[in-house]
Each structure stands twice: as structure tokens, then as C-alpha cells.
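Engineer: just need the structure, nothing else, for what follows:
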Amino acid sequence: MNRSNLLGLLLFALCFVHISHAQLTCEQKAEEILQFKNDFKDYPPQLIDQLIEYITPCAEEAYGKTNPSSAYAKGLLHLQKGDYAFLFGQRRELAYLHIFRAAYYKYPDAMLTHSINLLTDGYQENYHINYTQIAGNMESLVTLNHKTDIAHYILGYLNLKNLVTNEDFTNTTLINKAKTHFESSTHPMAKHWLAIMHYFGYGMPVNKAKALQMLSENTILNSKTLKQQLQGQNNDWIPISAEERLASLEGYNTNYTQMTLIGSGKTTFHGHYIEYDWAAKGVKRYIPVTLSIAIRQDHGDYKDVRLEFTMNGETRIKDNRLYTPLREYYINFGQFLPLRIPLLQNLLQDHPTKNTLTYSIQRLNFKEATIDGKQALIVKPTRSTEIVEFNEKVHTPIRMVLYPETAARTTTIAATAPETTTSKPLGKDFAVISPNPIGNQFNITYTLDQPAEVQVVVYDFFGQQRISVPTQKYTAGGSQTITVDSAELPSGTYVIQMTINGMSYSKTVVKQ
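Structural biologist: Alright, predicted model coming up:
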């Protein structure tokens, strides 16, 4: 909007307030304002204030129930200014208050705007997101045939990501709903997510070529960015054992083994952070982790503990309470002091600035299971887990499968060389990696005191498998050296994991 038009509108608005106020109904006043809503960003503050004063009597009548369109107009004006006020003793964001009221009373544009603002951080504050309510609003818009393209897109997104149910992962019904909604929309983001469904085979056979073609034909930046991302990374599911999957996923809720693994002092566990895809078809991440739980004081029903969580070379330390009911232990971190695990790669990066994800965990549940004859601790973050960058709940199965550290784990394998500036031990004096930083190849040297199967896997910093060395069998006696070809690895940080007779050890290295 140019300056002359803006000044003309300002003059019109001021005259309108003082002359025409009594001549129009509240609905007509709201309509007069809302026809210019896309230009609010260009309005000077004094014009916004005049329009707010003009529409307020209508918007406030019966708290927005009588004239929801007026409440919506007032909310949009406050959103442009970022206004707050103290109401009922609390500081309230006025945009949220009035747009919420209009949405509550089923004004269609308000239902859509309020839902989008919650899903995309459109308000200044972060608010609780009721995904079921948002889905209900979008269903209403579809029924009303009001802006159905974007309504179908949002419904497809909510169903595909399993944000509307209490299920642990996206079931077949939700996948089919998502597919139907995306196919019913011409919105570019609906086409974008339908391509993702083709790429990974959600509700249809896997067709990566078709998916990439769909992304190429979709002209939005999101699709161009995602296509480049998918073509530059390994997107195959990471294999894990059937026993590990059963104990961590399908069998978790029926596993009521008495807790015995968390001792009275400090117990250290080694294992993996496992992140399944939305439909639990496969494993997206399988990252080595170490978890130590130190009991500081026992109060009977709960224990004061220190938690040390290490992943990707970073350690998080949290002091909290471990609650000890009969069958399932848990730690509540809460909303304000959650456990934030180290950054993870955004495997579906569709914007250049959103390349990493921060998972914020409010509660961890602990159960025991037997996997391949060994006792294991299964750790399950609850559904209050969030992705910080998206302000979005994580309704995707995430688990940790951990095995207690024992004397055998630290004494069976012995070091063969002292630590130097270019040769650092792996784990508990297990092996020597040289050089470190690594180059186009590196050596792992170690000594066994009994026959063992040895496997080496190299993961990138975000849990994607980059190199797998075939299993090797050695006899006891003398040092052994494995040479790994790392020429194809780009510069970055990597986790080298070795598995010795089923026991895992890991070390973080850098390639310059």
C-alpha cells in the first residue's frame, strides 16, 4: 500500500469512527475492517489504535459471543501491535484472547487463524496446543466448504504425525485419513506431504522416484529444500533385532517385570537411543548412549538421584526424583526444567534454517525386560516430549534400550597403548583409534583375552549409519587392528561403535 492510499484510509477510518459509528451493525463494522486485514502490517500505530477503539464495543459484547467477527477483527489488530493487558490479575496477550473467543464461537476465519497461529507460533507467547480441538475446527471448515484446501492440508498433517490420538504411533486408519486429506487439497504443502508419503510408503507402496518428481514439480521452497536433503542422506531404516523391537515397542506396555537393575549406589547403562518413524515401520535413529543413575538419598516412595545422560559426545546432568512404584519407575522433569537431549538432525528438513531438532523431554519412564537372555532397562519418554523448534508434541515412538555395565564389560577387553594426543582410548580403556582426528582411513587397535566376534559401525553425528565393517572373528592372543576406509566421509563428527560378543562400546571422533 502506497503512502497516499494509507493516508486516505487513515482519514476514512477517523471519519468513520466519529460519523458512521451509529449507522452500521457490528457485523458490518467488522466487515469494513476485515476487508483490509492483509494491509494491517502497513498501518501506522495510530490507525491501529483508532480501529481498535472503534470495534471494541462490539467485540466485548458478551465476551465475543454476540459478535465473533468483531472479536476476530479486534484480535487481528492487537496481533499486529503485540498488545498485552492485565485481566483478572493476569497479564494476557490480547490477540490470543480475542481470536480464541471468536474461534470458540465458531467464526470460520477465526477457527482457521487461531489453529494456524498455535501450530506455527503465530502468537507472541507459547500456548498449550489442543490438537483434537484443532482437528475439530478443520473438520467444521470442510463441512462449511470454507477454505477447504488448507483445512484438508492441516488435517492430513495432524493425522500423519499422529497428533490427534492417544495411540503410541500412527496406525493404518490415521495414515489412510492423511492420504485422503492430502489428495483432497490443492494446497502446495498438501502436495509436499503427499510426496513424503510416497517416499516412505505410508498408505501406498514405496515410490521414491515418484516422490522426488512430485517435489520437483511443487514450486515452493519447502519441496525444493526437502528434495535436496533426501537425495543427500541415507534414508533407509536402521536394522535392529526383533527382540529389541519387541521389548521396546510392542511389548513395552505389557512388561511388568519387577525393577532390579537400578541399584542403591551408582548404576551405569550402555545402549542406544532408538527413534522409530511415525508408523513404527522402521528405526530412523539408533544412536549409542550412556546413562548413569546415582542414588543420592532414599526416601522410600522416591529417591533423590543424579542422572547423567551422554549422547553424541555431550553429557546432560540432571538432579531429580526417581519415583519407585512397584512396576514402572519414572522421573518427572516438568515443563520448566525438561531434559533436552543433544541436537539431532532434521531428517525431513524442508527449510534451510531448520536443519536440527531439539527434543525436550518432561518425563522418562523405566521398565525392565529380557533381551536375548540379558537384562535390559527400557526407557520411554512420555507424550509430553516436544520438538522445541516447532513447538510440537512428539507422538512418535522413542525408546532407549540400555544394558547395565558389569565388571565383565570393563575387564574382558584390555588396552594395548597409552592415550596420546593423536591416539585416544575407546570407552573404558578398550581400544585405540589412530589418528584422531581421522583422515581417509583410520586404525582401531585392541587386544582380546578370549575369542570374540567384532563388528565396527560408523554413525554420523545424527545417528545415520555411514560405514559398516563386516563381522570379524579373531582368536585370543596378541593385538588386533582393523583398518577402516573413511575416504567417503565428509568433514564432521562421527561415533564409532564396536560390538564385542554382543557388548557395545563407542567413541566420538572428528574428521577434519
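Engineer: roughly how far does residue 105 sit from residue 61?
Structural biologist: Remark: distance between residue 105 and residue 61 (Cβ to Cβ, to the nearest Å) = 12 Å. C-beta coordinates here come from the backbone N, C-alpha and C atoms, glycine included.
Engineer: show me which of the two is the more surrounded one.
Structural biologist: For residue 105 versus residue 61, neighbours defined as other Cβ atoms under 10 Å are more numerous around residue 105 (19 against 14).
Engineer: over to that one: give its phi and psi.
Structural biologist: Here is the backbone geometry of residue 105 (degrees, to the nearest 10): phi -90, psi 20.
Engineer: which stretches in the stretch 1-150 of the chain count as strands?
Structural biologist: In the stretch 1-150 of the chain, the segments counted as strands under DSSP state E, counting those that start in this stretch are 84-87, 90-93.
Engineer: as a markdown table, these with mean pLDDT, distance to residue 307 and mean neighbour count would be great.
Structural biologist: Below are those laid out as a markdown table (pLDDT from 0 to 100; distance: least, Cβ to Cβ, whole Å; neighbours: other Cβ atoms under 10 Å):
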| stretch | mean pLDDT | distance to residue 307 | mean neighbour count |
| --- | --- | --- | --- |
| strand 84-87 | 90 | 37 | 11 |
| strand 90-93 | 92 | 34 | 12 |
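Engineer: now these as TSV including distance to residue 273?
Structural biologist: What follows is the strands of the stretch 1-150 of the chain, written out as TSV (distance: least, Cβ to Cβ, whole Å):
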stretch	distance to residue 273
strand 84-87	40
strand 90-93	36
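Engineer: which of the ones you listed sits closest to residue 363?
Structural biologist: strand 90-93 (26.9 Å; Cβ to Cβ).
Engineer: partners of that closest one in the sheet?
Structural biologist: strand 84-87 (antiparallel) (DSSP bridges).
Engineer: point out where the stretch 251-400 of the chain drops to low pLDDT.
Structural biologist: 255-257 (pLDDT under 70).
Engineer: residues near the closest residue to residue 49 other than its chain neighbours, how many?
Structural biologist: Spatially, and ignoring its direct neighbours in sequence, residue 49 is nearest to residue 81 (8.0 Å; Cβ to Cβ, 6 or more residues apart in numbering). Close neighbours of residue 81, defined as other Cβ under 10 Å, add up to 15.
Engineer: what's near enough to touch residue 81?
Structural biologist: Going by Cβ atoms under 8 Å, 6 or more residues apart in numbering, residue 81 touches 45, 48, 49.
Engineer: from those residues, list the buried ones, please.
Structural biologist: The neighbour count (16 or more other Cβ atoms under 10 Å) marks residue 48 as buried among these.
Engineer: for the contacts of residue 81, which one is nearest residue 179?
Structural biologist: Nearest to residue 179 among the contacts of residue 81, with distances taken as Cβ to Cβ, is residue 48, at 42.8 Å.
Engineer: so that closest one sits against residue 40, correct?
Structural biologist: Yes - at 7.1 Å, residue 48 counts as touching residue 40 under the criterion of Cβ atoms under 8 Å.
Engineer: which neighbours do these two share?
Structural biologist: Taking Cβ under 8 Å, 6+ apart as the contact rule, residue 48 and residue 40 both touch 77, 80.
Engineer: list the contacts for residue 109?
Structural biologist: 34, 72.
Engineer: give me the local confidence score for residue 412.
Structural biologist: With respect to pLDDT, residue 412 scores 30.
Engineer: do the same with residue 428
Structural biologist: Residue 428 carries a pLDDT value of 52.
Engineer: just residue 486 next, same as before
Structural biologist: pLDDT, residue 486: 90.
Engineer: so how far is residue 449 from it?
Structural biologist: Taken as Cβ to Cβ, the span from residue 486 to residue 449 is 28 Å.
Engineer: okay, those two: which has more neighbours?
Structural biologist: residue 486 (18 against 11).
Engineer: the more buried one and residue 441 touch, don't they?
Structural biologist: Yes - using Cβ under 8 Å, residue 486 is in contact with residue 441, at 5.8 Å.
Engineer: so how far is the first residue of stretch 346-358 from its last?
Structural biologist: End-to-end distance for stretch 346-358: 9 Å, by Cα to Cα, to the nearest Å.
Engineer: what residues of it count as buried?
Structural biologist: Buried residues in stretch 346-358 (16+ other Cβ under 10 Å): 346, 347, 348, 349, 350, 357.
Engineer: point out the ones among these that are inside strands.
Structural biologist: residue 357 (DSSP state E).
Engineer: return the member of the buried residues of stretch 346-358 nearest to residue 384.
Structural biologist: Of the buried residues of stretch 346-358, the one sitting nearest to residue 384 (Cβ to Cβ) turns out to be residue 357, at 16.3 Å.
Engineer: just list the residues touching that closest one, thanks.
Structural biologist: Taking Cβ under 8 Å, 6+ apart as the test, what residue 357 contacts is 343, 344, 345, 346, 387, 388, 389, 390.
Engineer: which residues does it form beta bridges with?
Structural biologist: residue 344.
Engineer: what about it, distance to residue 345?
Structural biologist: Taking Cβ to Cβ, one finds residue 357 at 7 Å from residue 345.
Engineer: which positions within the helix or strand encompassing residue 213 qualify as buried?
Structural biologist: Using DSSP states H and E, residue 213 sits in helix 208-217. By neighbour count on 16+ other Cβ under 10 Å, the buried set for helix 208-217 is 211, 212, 214, 215.
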